[in-house]
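J.: need the 3D shape of this:
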Amino acid sequence: MILNQRQKDLLAWVNREGYVSVDRLAAQFQVTTQTIRRDITLLAENQLLQRYHGGASVLSSVENVAYDARQVLMAEEKRRIARAVAAEIPDNASLFINLGTTTEEVARALSQHRGLRVITNNFHIANLMCDYPDCEVLVAGGSLRKRDRGLTGEATVQFIRQFKVDYGIIGISSIEHDGTLRDYDYREVLTSQAILQQSRQVWLVADHSKFERPAMVELGHLSQVDALFTDSPVSAQLQEVLEKGNTRLVVAA
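T.: Numbers count the residues shown, from 1 in each chain. Prediction:
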């Protein structure tokens with residue numbers, strides 16, 4: 001599934017507002033209500049939003065978008081973010097890389113690096129990076145999630161806590177306007193919290209659709225992050241949060 005720019009913007013707007021009417025969307029994008037209804041139907045069929053009579057709303061705060069859909073959603077934006085991250089990672093670095101489709105793009109962007117030591121709880125990343133020249137990959141233990149091949153649980157956290165690495169690269173499901181970081185699975189959150197604690201530098205990768213999404217479990221705060229890599233400028237309120245927390249903002253070109 002490939003979304004056009006209007007559909008991407010529509011989805012981002014619904015995620016910010018929570019619910020938006022068809023009439024309001026049609027006026028915003030200067031298209032017919034029939035076009036908006038077709039867009040909403042497409043996005044709902046791919047489990048990206050909830051369709052209602054007369055409008056669309058965000059999905060549940062307790063469940064993330066399906067993994068297959070997330071792989072193609074904001075794909076170009078994620079690649080831009082990944083290239084920006086890879087450009088700042090030196091050779092011979094040690095890294096944590098956690099679950100997520102954006103972090104998987106970071107892993108792809110690191111294919112030309114040498115001497116990397118990567119610790120991950122993401123089987124997709126492990127399978128990808130184990131073929132890179134001069135790259136050692138350590139895979140955490142734990143309970144394997146069928147939906148996205150992610151490892152979570154107490155064994156995962158204990159494994160992570162054995163290491164102190166140069167860079168922790170983490171994805172997130174939601175960044176609220178006050179800088180609160182949220183996700184859907186508390187077991188995944190525990191793993192990400194361990195990565196925050198065991199990394200000398202923490203870099204958060206998140207495209208603009210992650211801002212103001214609903215998610216249930218609190219992971220932490222932007223002030224715990226050294227750099228936020230995203231694809232669009234942030235709001236004035238979030239910019240203030242970043243400056244107060246001394247968190248560097250990188251907007252990928």
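
J.: what are the ranges of the helices in the stretch 151-253 of the chain?
T.: Residue ranges of the helices in the stretch 151-253 of the chain, as given by DSSP state H, counting those that start in this stretch, are 154-160, 186-197, 236-244.

J.: can you list the low-confidence ranges for the stretch 51-200 of the chain?
T.: 60-73 (pLDDT under 70).

J.: what about 80?
T.: 52-53, 58-74, 147 (pLDDT under 80).

J.: how near is the closest residue to residue 190 other than its chain neighbours to residue 102?
T.: Nearest non-adjacent residue to residue 190, counting by Cβ to Cβ, 6 or more residues apart in numbering: residue 157, 5.4 Å away. To be clear about C-beta, it is placed using only N, CA and C from the backbone, and glycine gets the same treatment. Taking Cβ to Cβ, to the nearest Å as the measure, residue 157 falls 22 Å from residue 102.

J.: ok, these two, which is more surrounded?
T.: Neighbours per residue, other Cβ atoms under 10 Å: of residue 157 and residue 102, the larger number sits with residue 102, 27 against 19.

J.: that one contacts residue 80, doesn't it?
T.: No - using Cβ atoms under 8 Å, residue 102 makes no contact with residue 80, being 10.5 Å away.

J.: export the helices of the stretch 151-253 of the chain as a markdown table, with columns for distance to residue 179.
T.: Conversion of the helices of the stretch 151-253 of the chain to a markdown table gives the following (distance: least, Cβ to Cβ, whole Å):
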| stretch | distance to residue 179 |
| --- | --- |
| helix 154-160 | 23 |
| helix 186-197 | 14 |
| helix 236-244 | 4 |
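
J.: deepest in the core, which of those is it.
T.: Scoring those by mean neighbour count under mean count of other Cβ atoms under 10 Å gives helix 186-197 as the most buried, with a mean of 21.

J.: kindly export that helix (C-alpha atoms) in CSV.
T.: In CSV, the C-alpha atoms belonging to helix 186-197 read as follows (Å, rounded to 0.1, in the frame of the first residue of the first chain):
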residue,chain,number,x,y,z
TYR,A,186,4.1,-2.4,28.6
ARG,A,187,6.6,-5.2,28.1
GLU,A,188,8.1,-3.4,25.1
VAL,A,189,8.2,-0.2,27.2
LEU,A,190,10.2,-1.9,29.9
THR,A,191,12.8,-2.9,27.3
SER,A,192,13.0,0.6,25.9
GLN,A,193,13.4,2.0,29.4
ALA,A,194,16.3,-0.3,29.9
ILE,A,195,17.9,0.9,26.7
LEU,A,196,17.5,4.5,27.9
GLN,A,197,19.4,3.7,31.0
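
J.: and the residue sitting furthest away from the middle of the chain, what is it in contact with?
T.: In the chain, counting by Cα atoms, centre = their mean, residue 32 sits farthest out from the average C-alpha position, at 32.0 Å. Contacts for residue 32 (Cβ atoms under 8 Å, 6 or more residues apart in numbering) come out as residue 26.

J.: how much space between it and residue 5?
T.: Where residue 5 is concerned, residue 32 sits at a distance of 17 Å (Cβ to Cβ).

J.: ditto for residue 54
T.: According to Cβ to Cβ, residue 54 and residue 5 sit 24 Å apart.

J.: and for residue 74?
T.: On the measure of Cβ to Cβ, residue 74 and residue 5 end up 11 Å apart.

J.: just residue 48 next, same as before
T.: Counting by Cβ to Cβ - residue 48 and residue 5 are separated by 15 Å.

J.: how's this structure carved up into domains?
T.: Using automatic domain parsing, the domain ranges for the chain come out as 5-59, 69-251.

J.: straight-line length of the first one, end to end?
T.: Between the opening and closing residues of domain 5-59 lies a distance of 20 Å (Cα to Cα, to the nearest Å).

J.: what's the answer for stretch 191-207, then?
T.: Termini of stretch 191-207 sit 21 Å apart (Cα to Cα).
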